[in-house]
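# next input, structure requested:
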Amino acid sequence: MPLALIPSPSEGVWHLGFIPIRAYALCFILGIVVGVWLSERRWRARGGEKGTINDIAVPAVIFGLIGGRLYHVIIDWQTYFGPRAIKEPYRALFIWEGGLGIWGAVALGGVGVWLACRRRGLSLSAVADTVAPGIAFGQAIARWGNWFNQELYGSPTTLPWGLEIDQAHGGQSDVLYHPTFLYESLWDVALGFGLILAGRRFTLRHGRLFALYVAGYTLGGSGSRGCGSTRLAGWTTR
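Numbering: from 1, shown residues only. Sure, this is the predicted structure:
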């Protein structure tokens, strides 16, 4: 066992009386808050009206959650339905157990943004370019929810930053795994800064900056998953 490694949390749920406080949800909420805050600042710096992004974020998050969960359940339907299901069908609604598909969240969340932009008479492409870096940073933070859930890890490794996984979560004793969640989180941070710099250096409008985000995230996700099979992905990247 190497001297340096990444330990997994002993627990991901704390109780405030009878109310469960889940680290996965906290990371997700923090990611949303940071993403909306940054997007609001960028919108106002571009001359936009104060509070616009905050208002748009409400339907975007609601639609995004629905889309992300639907995508995950459709892709991993055998987990909840069929003769080999390992979970009861009703647990497909238990979003706190992990399981959000990024592309479903982006697609249906985009519908929520489009509806809000149409109601307010705003340019959808302008809003998309504004929020692109915020989405990347928000994803970087949300990824740490996978750490608390001991999911989104790759194949065994002997690298110093190997990740410990309990046997209850599919790990083996004295075996470390690629911390896929960390790779993707670091990539998302780099992508967020890259988008900001690209937006300042080049004239990327009419949805081009958002398209760069999509391309960058796809590239980074493919690279991090090249470290081995991703397991128990709480935020599905397929």
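
# just give me the neighbour total for Gly220.
The burial count assigned to Gly220 is 19, neighbours taken as other C-beta atoms under 10 Å. Using the backbone N, CA and C atoms, a C-beta is placed for each residue, glycine as well.

# can I take it that it is in a helix?
Yes: using DSSP: H, G, I helix; E, B strand; the rest coil, the assignment for Gly220 is a helix.

# do you know the pLDDT at the closest residue in space to it that isn't next to it in sequence?
Distances taken as C-beta to C-beta, 6 or more residues apart in numbering put Trp187 closest to Gly220, at 3.5 Å, once the chain neighbours are dropped. For Trp187, the pLDDT comes out at 95.

# oh, and call the first residue 56 from now on, that's how I've got it
OK, 56 is where the count begins now, so the last one is Trp242.

# name the SS class of Trp242, please.
From three-state DSSP, the assignment for Trp242 is helix.

# Lys105: neighbouring residues, count only.
The burial count for Lys105: 9, using other C-beta under 10 Å.

# and the residue nearest the centre of the chain?
Gln194 (3.9 Å; C-alpha atoms, centre = their mean).

# so that residue sits against Asp243, correct?
Yes: counting by C-beta atoms under 8 Å, Gln194 touches Asp243, with 4.7 Å between them.

# anything in contact with each of these two?
Between them, Gln194 and Asp243 share these contacting residues under C-beta atoms under 8 Å, 6 or more residues apart in numbering: Tyr272.

# and stretch 104-123, what's buried?
Neighbour-count burial for stretch 104-123, with 16 or more other C-beta atoms under 10 Å as criterion, is recorded at 107-108, 111-112, 114-116, 118-123.

# again, but for stretch 192-204
192-204.

# need the three-state assignment for the closest residue to His70 other than its chain neighbours.
Excluding its sequence neighbours, the residue lying closest to His70 (C-beta to C-beta, 6+ apart) is Ile76, at 6.9 Å. Put simply, Ile76 is strand when judged by three-state DSSP.
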